[in-house]
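**Q** turn this into a model:
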Amino acid sequence: MMSQLRIELEEKRAVVLPTETVYGLFAKALDEEAVDYVYQLKKRPRDKAMNLNVSSFDEIVDYSSHQPTFLKKLYDAFLPGPLTIILKANSRVPAWINSGYDTVGFRVPSHPKTLELIQKEGPLIGPSANISGKKSGTVFEDIMAEFDHQVLGYEDDPAITGKDSTILDISQEKARILRQGMITKEQLLEAVPELTFD
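**A** From the prediction side, this is the model:
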């Protein structure tokens, strides 16, 4: 089912879009009121940081510091795709994104419609389209029942996998997998042998 989606974002508002994993609530990351709105929609605790959804390697570099030498190899192997990368944040990352922590997560979704919006309006936040603490948003009808009158637009896609992205923290000398998702430790090491894990 096609949506009423407007491929643009107004201030203080959000859209529901698919990724290759689950549906997300996307809003302008550098607009504090838009980020606040998504926190309110999800009932998400403010100490739980948001990721930056970007569309290129250069954008990851623009919003991070202390990048490891293998970062480009990691990007080329898995992104766009179901991998979230945690790096040290730089001063361009506002506190309302990373809740004042010194790190920030990066996501580059591969879904073409979502990537198009990120390229046009990004960087964006895009947490899963569900109330905080509930299962990630995978059933479009349930999401619409929850958020339909509170978002600018939406896009359905029955092809989403429902599997989470892998979260890889490379902000320290040793890498850590914070959430095991679609990409395995073995796949990461095969593509990037320079990775060392705790």
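**Q** CA only for contacts and neighbour counts going forward, please
**A** Will do.
**Q** what about Ala77, which SS state?
**A** Following DSSP: H, G, I helix; E, B strand; the rest coil, Ala77 is assigned to helix.
**Q** number of residues surrounding it?
**A** Using other C-alpha atoms under 10 Å, Ala77 has 15 other residues around it.
**Q** before we move on, what SS does Ile167 have?
**A** With three-state DSSP as the basis, Ile167 sits in strand.
**Q** quick check: it vs Val104, distance?
**A** Distance, Ile167 to Val104, by C-alpha to C-alpha, to the nearest Å: 12 Å.
**Q** higher neighbour count, those two?
**A** Regarding Ile167 and Val104, a neighbour count based on other C-alpha under 10 Å identifies Val104 as having more, with 26 against 22.
**Q** wait, what's in contact with the more buried one?
**A** 49-52, 64, 86-89, 93, 97-98 (C-alpha atoms under 8 Å, 6 or more residues apart in numbering).
**Q** all helices of this structure, in order?
**A** 32-42, 57-62, 71-78, 95-98, 112-121, 140-147, 185-191 (DSSP state H).
**Q** the helix or strand of the chain with the lowest mean pLDDT - contacts with which helices or strands?
**A** Every helix and strand of the chain was ranked by mean pLDDT, DSSP states H and E. The lowest is strand 153-154, at a mean of 84. In terms of contacts (3 or more C-alpha pairs under 8 Å, 6 or more residues apart in numbering; DSSP states H and E), strand 153-154 is packed against strand 15-18.
**Q** pLDDT on the strand it packs on, on average?
**A** On average, the pLDDT along strand 15-18 is 92.
**Q** distance from the chain centre to it, please.
**A** Distance, stretch centre to chain centre, for strand 15-18: 12 Å (C-alpha atoms, centre = their mean, to the nearest Å).
**Q** who are the packing partners of it?
**A** Looks like strand 15-18 contacts strand 23-28, helix 112-121, strand 153-154 (3+ C-alpha pairs under 8 Å, 6+ apart).
**Q** deepest-packed of those, please.
**A** Neighbour counts (mean count of other C-alpha atoms under 10 Å) averaged over each of the helices and strands packed on strand 15-18 peak at strand 23-28, with a mean of 27.
**Q** quick check: neighbours shared by Ile167 and Val104?
**A** Listed as contacting both Ile167 and Val104 by C-alpha under 8 Å, 6+ apart are Ile86.
**Q** show the contacting residues for Pro18.
**A** Pro18 sits in contact with 24, 111, 114, 155-157, 160, where contact means C-alpha under 8 Å, 6+ apart.
**Q** just give me the neighbour total for Val192.
**A** 17.
**Q** could you do the one 4 residues further on as well?
**A** Residue neighbour count, defined by other C-alpha under 10 Å, stands at 12 for Thr196.
**Q** does it touch Ile177 like I think?
**A** No: the criterion here is C-alpha atoms under 8 Å, and Thr196 misses it with Ile177 at 11.1 Å.
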